[in-house]
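Student: pasting the structure only:
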């Protein structure tokens, strides 16, 4: 298996621009997570999908952030408009949830976002 | 409010010696704990886990110890190898509640010197 795939690996944009990060989870996994890693806050969960449905978006920092999962093999995280404080590494992770217990989360390589 | 704390940002050990990475937690609802390893420019990879019904779990060179009364866990690597040099994250979840949600510590950078 190719593992969790994220694109782009690096993104540099200017303040005010729209940014879209993409994720393809591991085939057969039904849970998907978006995380953000910063020096100050470490790894923090932004949003969790189960069976393509957003279950918990309490970690999404503000309305500028939105996430979608149109099907089991694709998810996007969008920031509009982007701000310099959004600069971070964004990770996508997937796992299999059966009977209410989520198995090990497998992470993608991350997208390093720089907003100038 | 940091519910999972890794108080040592970095640790340096000699090849062949033991590495001990520590983690403390404050939420008594946590009942499942994991360690992830992260190399530069890669995502975290799962290393080992332990349920609160156990106090030790071993996998090859890696052993995790859990002290529930102290709300403390540790990862032992014996013997340490240069390839173990990475950032190690401790994570915890409350499987009886929001079982999907992992709360991570900020990580400890382990450097194993040849």
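Tutor: Yep, it's here. The shown structure was predicted, so the numbers you read here are calculated from the model rather than taken from an experiment.

Student: from residue A:31, how far off is residue A:21?
Tutor: 18 Å (CB to CB, to the nearest Å). C-beta: built from backbone N, CA, C; applies to glycine.

Student: and if you look at residue B:43?
Tutor: Distance of residue B:43 to residue A:31, computed by CB to CB: 16 Å.

Student: what number of residues lie near residue B:68?
Tutor: Residue B:68 has 15 neighbouring residues, counting by other CB atoms under 10 Å in any protein chain shown.

Student: now do the phi/psi pair for it.
Tutor: Here the main-chain torsion angles of residue B:68 (degrees, to the nearest 10) amount to phi -70, psi -40.

Student: can you list the residues of chain B near chain A?
Tutor: Contacts of chain B with chain A, taken as CB under 8 Å from any CB of the partner chain, map to B:34, B:36, B:41-46, B:49, B:89, B:95, B:98-102, B:104-107.

Student: got the contact list for residue A:54?
Tutor: A:47-48, A:67, A:69 (CB atoms under 8 Å, 6 or more residues apart in numbering or on different chains).

Student: which residues does it form a beta bridge with?
Tutor: With DSSP bridges applied, residue A:54 shows beta-bridge pairing to residue A:49.

Student: then residue A:33?
Tutor: On the basis of DSSP bridges, residue A:33 is bridged to residue A:48, residue A:93.

Student: which residues touch it?
Tutor: By CB under 8 Å, 6+ apart, the contact set of residue A:33 is A:45-49, A:92-95, A:105, B:100.

Student: show me which of those residues are buried.
Tutor: A:45-49, A:92-95, A:105, B:100 (16 or more other CB atoms under 10 Å in any protein chain shown).

Student: show me which of these is closest to residue A:11.
Tutor: Nearest to residue A:11 out of the buried ones among the contacts of residue A:33 is residue A:92 (CB to CB; 13.8 Å).

Student: what about the residue in chain B positioned nearest to chain A, which SS state?
Tutor: Here chain B gets closest to chain A at one residue, residue B:43, 3.2 Å apart by CB to the nearest CB. Three-state assignment for residue B:43 (DSSP: H, G, I helix; E, B strand; the rest coil): coil.

Student: biggest separation within the buried ones among the contacts of residue A:33, which pair?
Tutor: A:46 and A:95 (15.6 Å).
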